[in-house]
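**Q** only geometry, no sequence info:
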DNA sequence: TAGACGTGGAT
DNA sequence: TATCCAAGTCT
């Protein structure tokens, strides 16, 4: 009689040792950080880290938490203030979502970041990754935290593929099967998988020589084949609507009065229709608003 | 589920 | 110079 599923590889012990011996010293991994900001600090850091490199996040995180050290403090800010503070971090809708989440936390949870994953998932801008990252890293609970790094490590070490496929719910199940049973060990395992993917098992030019999983990695032992499951190509940015939106928002952030006459908003943009489209979509997204004959950040 | 959504550093 | 890529979420 064959087992229903193959037993999971025991990656945890070697990975935990590797993580404890050489993980990067990042602000949100320091005990003082949790003492000072609690789960709110973790939540803000995870928002900023969505699709944005660690090195760009760090200075912004410190400035943000210095200004708004609690959800309730941030809930009193205006959208214009949070979009301004978000500066050039990218994906400015995250600033709006984070602001909204702060308000929701104040209203629904008495100003305390909830511990329950479903309650976290119900907050604006929080999805499968961020909800479980907060529950695991801020509260120490056992949940599969799946990001692009985790998925890549599993794709290679376990499945023998060069790149992960498109993100899917099944990734949560796969990660859960690898997770140690104890809460504290599972939190370290989650962090270690992410750290490995970010620093060793990178998308391009992985450093297999330095990998703690080298002897167990299915992909490496099979000769690092290109299994062809390439990612979707990212849409061209140059000349895109996204670029136009970015230019409009940058102009608003840099305008002294926080306001620009409508006919002067990136007036030298090559494609007038695209400029108008950008302005309209920013207004629709709540990232800008028209008042009189001018455009400004949302009040 | 595929596409939209910023920005800047690395290759 | 062009493309890739980064601790995702929403529609």
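**A** That came through fine. The structure displayed is predicted, hence computed values, not measured ones. Numbers count the residues shown, from 1 in each chain, chains lettered A, B, ... in the order given.
**Q** Can you name the residue of chain A nearest DNA strand C?
**A** residue A:127 (2.7 Å; C-beta to the nearest atom of the strand). Any C-beta I mention is one placed from the backbone N, CA and C, and that applies to glycine too.
**Q** Where does the prediction get shaky in chain A?
**A** Scanning chain A for pLDDT under 70 picks out A:1-9, A:230.
**Q** tell me which element residue A:196 falls in.
**A** Using DSSP states H and E, residue A:196 sits within helix A:183-199.
**Q** quick one: is that helix near DNA strand C?
**A** Yes: using C-beta under 7 Å from any atom of the strand, helix A:183-199 reaches DNA strand C at A:194, A:195, A:197, A:198.
**Q** Without its sequence neighbours, what residue ends up closest to the residue of chain A closest to DNA strand C?
**A** residue A:121 (7.2 Å; C-beta to C-beta, 6 or more residues apart in numbering).
**Q** shouldn't residue A:68 be in contact with residue A:77?
**A** Yes: here residue A:68 reaches residue A:77: they are 6.6 Å apart, a contact under C-beta atoms under 8 Å.
**Q** those strands in chain A, which residues are they?
**A** All strands of chain A, identified by DSSP state E, fall at A:259-261, A:289-291, A:294-296.
**Q** residues in contact with residue A:193?
**A** Neighbour list for residue A:193: A:15, A:145, A:149, A:150, A:153, A:154, A:175 [criterion: C-beta atoms under 8 Å, 6 or more residues apart in numbering].
**Q** That one and residue A:266, how far apart?
**A** Residue A:193 sits 42 Å away from residue A:266, going by C-beta to C-beta, to the nearest Å.
**Q** do residue A:137 as well
**A** In terms of C-beta to C-beta, residue A:137 sits 40 Å off from residue A:266.
**Q** Write out the residues of the stretch 151-299 of chain A neighbouring DNA strand B.
**A** A:166, A:168, A:204-205, A:232, A:234-235, A:237, A:240-243, A:245-247, A:249-250, A:281.
**Q** Are any of these buried, and if so which?
**A** When these are checked for burial by 16 or more other C-beta atoms under 10 Å, the buried set is A:245, A:246, A:249, A:281.
**Q** still on that earlier bit, who has more neighbours, residue A:68 and residue A:77?
**A** residue A:68 (22 against 17; other C-beta atoms under 10 Å).
**Q** if you skip the residues just before and after it, what's nearest to that one?
**A** With sequence-adjacent residues excluded and distances taken as C-beta to C-beta, 6+ apart, residue A:68 is closest to residue A:74, at 3.8 Å.
**Q** quick one: that neighbour and residue A:114, what's the gap?
**A** 16 Å.
**Q** Where does the stretch 101-250 of chain A get nearest to DNA strand B, which residue?
**A** For the stretch 101-250 of chain A, C-beta to the nearest atom of the strand, closest residue to DNA strand B: residue A:246, 1.9 Å.
**Q** Run a quick neighbour tally on residue A:33.
**A** Residue A:33 has 18 nearby residues by other C-beta under 10 Å.
**Q** Surely it and residue A:41 touch.
**A** Yes: using C-beta under 8 Å, residue A:33 makes contact with residue A:41 at a distance of 5.6 Å.
**Q** Helices of chain A, start to end?
**A** A:12-22, A:31-49, A:54-67, A:71-75, A:79-86, A:93-109, A:117-121, A:128-137, A:148-153, A:170-178, A:183-199, A:218-221, A:241-254, A:272-284 (DSSP state H).
**Q** Turn these into a markdown table, including distance to residue A:299.
**A** Formatted as a markdown table, those follow (distance: least, C-beta to C-beta, whole Å):
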| stretch | distance to residue A:299 |
| --- | --- |
| helix A:12-22 | 45 |
| helix A:31-49 | 22 |
| helix A:54-67 | 18 |
| helix A:71-75 | 15 |
| helix A:79-86 | 6 |
| helix A:93-109 | 13 |
| helix A:117-121 | 29 |
| helix A:128-137 | 27 |
| helix A:148-153 | 36 |
| helix A:170-178 | 39 |
| helix A:183-199 | 38 |
| helix A:218-221 | 52 |
| helix A:241-254 | 12 |
| helix A:272-284 | 13 |
